[in-house]
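Peer 1: Need the 3D shape of this:
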Amino acid sequence: MALSSVWDRDIERVLLSRVEIDHLTTRIAALLDRDYAKAERVLLLGILKGSVVFMGDLMKKMTIPVEIDFMKVSSYTSGTESSGRINILLDLNRRDLSMCDVIVIEDIIDSGRTLSYLVDYLKLNGAHSVRTCTLLDKPSRRVVDFTPDYVGTLIPDEFVVGYGLDYAEQYRTLPYIGILKPEIYTKKK
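Peer 2: Sure thing, here's the model as predicted:
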């Protein structure tokens, strides 16, 4: 795959090409269509900011009616390390949550803390049902007992960027998912 962005020089190698990502989103959309075909209200709940690109592509491929909403949640204190504490920066404000089958959309799952917390939080707040969907799953980094319901693909313990994933708010616009060169995120500040 030819690289064409100013950020390409920082990429060690491409992990998933545009075509591979397209196949993953098509497969997941078909599964969601099948599993929620009889659901009355399906809510795709994107976790900002990383899931936006994935969720946008996913919902365009779905054939069932869906609603969308967003939450912004943080567990990172620096660019690469999780604090272990979940902070809700933008909450979901819906009075009809009890009528919604919620599918939480994430770009990547590492420790599992955030999604584990959000599933419990949404259930506690009355969601009719809650399932999780991630493009990338990195189970080698899991620190809580959590298994997502829908997974695009498992990935190795590498620092990935592109297709919505960032490092220090950069690289989100890459149309592929690449492994960031370690010297980029280990530089002394």
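Peer 1: Name the residues of stretch 14-34 that are buried.
Peer 2: For stretch 14-34, burial by neighbour count (16 or more other C-beta atoms under 10 Å) applies to 14-16, 20-21, 24-25, 28-29, 32. C-beta here means a position set from N, CA and C on the backbone, and glycine is covered the same way.
Peer 1: Show residues contacting it.
Peer 2: Outside stretch 14-34, the residues within contact range by C-beta atoms under 8 Å, 6 or more residues apart in numbering are 1, 3, 42, 54, 57-59, 61-64, 103, 133, 135, 150, 152-153, 155, 158, 160, 163, 175-179.
Peer 1: for this structure, which spans come out with low pLDDT?
Peer 2: 1-5, 76-84, 188-189 (pLDDT under 70).
Peer 1: Could you pull out the strands in it for me?
Peer 2: For the chain, the strands defined by DSSP state E occupy 11-16, 42-48, 67-76, 82-90, 101-109, 129-137, 150-154, 160-161, 177-180.
Peer 1: Same list, those, but as JSON lines with distance to V143 please.
Peer 2: Formatted as JSON lines, the strands of the chain follow (distance: least, C-beta to C-beta, whole Å):
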{"stretch": "strand 11-16", "distance to V143": "22"}
{"stretch": "strand 42-48", "distance to V143": "18"}
{"stretch": "strand 67-76", "distance to V143": "11"}
{"stretch": "strand 82-90", "distance to V143": "8"}
{"stretch": "strand 101-109", "distance to V143": "11"}
{"stretch": "strand 129-137", "distance to V143": "14"}
{"stretch": "strand 150-154", "distance to V143": "17"}
{"stretch": "strand 160-161", "distance to V143": "18"}
{"stretch": "strand 177-180", "distance to V143": "22"}
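Peer 1: Ok, which of those comes nearest Y171?
Peer 2: For these, distance to Y171 was read as C-beta to C-beta. The smallest value, 3.7 Å, belongs to strand 160-161.
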